[in-house]
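**Q** only the shape, not the letters, is given here:
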């Protein structure tokens, strides 16, 4: 039964997420929402709650408290949209909304995963992509097409991060080389790691941090300030992560992880701002996580 739910919920959420990355489909959905009742915000939130709560129930990690937390997590954005429309709140309110969505999942205040499905990240990414064109004054620059300039920016980003982070992270014991990975894992496992790094981690986080937070901050301030502030939000989202490498344990507060994630976030943010492509930034993010999983132990 658990496999049946995983095999049904995962394609549904992943399909809508991938479809809404396409600008044409995103605009069609926004047009439908504009032409329907204002209650559509609540309807979408409740539908996502019903889809996402099923894996939690089957995982048997579910009680009344979990249900209430997750229901509030899904309904608060809808309530926020209603208030925003009535009071005609500006772009700074959009940043608050995304923090309201991103922080509880990043800090594990809610059950962000169930049956191997990133239900919170995918659910709220779909919600943001669907409704942002309706009520926001800015555009999430999301498209699947990449060009040579995007590829060059991604490769440059990998080179810069390798030169900046790897020597310091290795020296401080945050990571250590794990080249024996290829001897013990299959090509199928590599594909699984690549899927996890891009679809379940990099793409949702880039939608939140670069697509909304950075986009707003850049418009309110300037490019450099927006990239740095958004990267700090991204970095501090990793403060609760526990990492262990070569018998060195780093628990809360994990300042090393905050530092390295902030540096990486600046490079991701630069690629997004330079190329105006969320997918390019997410692909760079996913490749960094993939190489980390393969070549380093942490």
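**A** Thanks, I have it. Please read all numbers here as calculations on a predicted model, not as lab measurements.
**Q** contacts only, for the spatially most central residue of the chain.
**A** What sits nearest the mean C-alpha location of the chain, by C-alpha atoms, centre = their mean, is residue 205, with 1.7 Å. Going by C-beta atoms under 8 Å, 6 or more residues apart in numbering, residue 205 touches 102, 121, 234, 237, 282, 285. C-betas here are computed from N, CA, C, even on glycine.
**Q** what about it, distance to residue 199?
**A** Applying C-beta to C-beta, to the nearest Å, the value for residue 205 to residue 199 is 11 Å.
**Q** where's the residue nearest to the centre of the chain relative to residue 167, distance?
**A** Taken as C-beta to C-beta, the span from residue 205 to residue 167 is 25 Å.
**Q** before we move on, what about residue 110?
**A** Counting by C-beta to C-beta, the gap from residue 110 to residue 167 is 37 Å.
**Q** of these two, which one has the most company?
**A** residue 110 (16 against 10; other C-beta atoms under 10 Å).
**Q** thought the more buried one was touching residue 104?
**A** Yes - Residue 110 lies in contact with residue 104 (C-beta atoms under 8 Å); the separation is 5.0 Å.
**Q** so residue 106 sits right up against residue 239, yeah?
**A** No - here residue 106 does not reach residue 239: they are 9.2 Å apart, not a contact under C-beta under 8 Å.
**Q** which of those two has more neighbours?
**A** residue 106 (23 against 15).
**Q** now the more buried one: closest residue in space, sequence neighbours ignored.
**A** Leaving aside its sequence neighbours, residue 106 sits nearest to residue 237 (C-beta to C-beta, 6 or more residues apart in numbering; 3.9 Å).
**Q** OK, contacts around the one you found?
**A** Applying C-beta under 8 Å, 6+ apart, the residues near residue 237 are 102, 103, 106, 107, 205, 261.
**Q** just how off-centre is stretch 289-298 within its chain?
**A** On the basis of C-alpha atoms, centre = their mean, to the nearest Å, stretch 289-298 is displaced by 19 Å from the centre of the chain it belongs to.
**Q** now do stretch 269-288
**A** On C-alpha atoms, centre = their mean, the centre of stretch 269-288 falls 12 Å from that of its chain.
**Q** then stretch 22-38?
**A** For stretch 22-38, the distance to the chain centre is 22 Å (C-alpha atoms, centre = their mean).
**Q** tell me the pLDDT at residue 91?
**A** pLDDT, residue 91: 59.
**Q** what's the answer for residue 62, then?
**A** 68.
**Q** follow-up on the earlier one: got a markdown table for the contacts of residue 205, with secondary structure too?
**A** Formatted as a markdown table, the contacts of residue 205 follow (DSSP: H, G, I helix; E, B strand; the rest coil):
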| residue | secondary structure |
| --- | --- |
| 102 | helix |
| 121 | helix |
| 234 | helix |
| 237 | coil |
| 282 | helix |
| 285 | helix |
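**Q** now, which of those sits nearest residue 52?
**A** Residue 52 has its nearest neighbour among the contacts of residue 205 in residue 121, at 10.2 Å by C-beta to C-beta.
**Q** ok, back up a step: now do the shared contacts for residue 110 and residue 104.
**A** With C-beta under 8 Å, 6+ apart as the test, residue 110 and residue 104 both reach 73, 120.
**Q** tell me the SS of residue 252?
**A** Recorded secondary structure, residue 252: coil (three-state DSSP).
**Q** burial measure for it, as a count.
**A** 11.
**Q** quick one: it from residue 195, how far?
**A** 28 Å.
**Q** how about the helix or strand in which residue 231 is found: buried residues?
**A** In the assignment (DSSP states H and E), residue 231 maps to helix 223-236. Neighbour-count burial for helix 223-236, counted by 16 or more other C-beta atoms under 10 Å, picks out 226, 227, 228, 229, 230, 231, 233, 234, 235, 236.
**Q** can you check stretch 97-113 too?
**A** Within stretch 97-113, judged by 16+ other C-beta under 10 Å, the buried ones are 97-99, 101-102, 104-107, 110-113.
**Q** now the element after the strand or helix carrying residue 4, going C-ward?
**A** According to DSSP H and E, residue 4 maps onto helix 2-21. Later in the chain than helix 2-21, the nearest helix or strand by DSSP H and E is helix 23-34.
**Q** contacts for that following helix?
**A** Contacts to helix 23-34, defined as C-beta under 8 Å, 6+ apart, come from residues 19, 20, 40, 129, 130, 131, 133, 134, 140, 142, 143.
**Q** show me what contacts the first one?
**A** It refers to residue 19. Counting by C-beta under 8 Å, 6+ apart, residue 19 has contacts residue 25.
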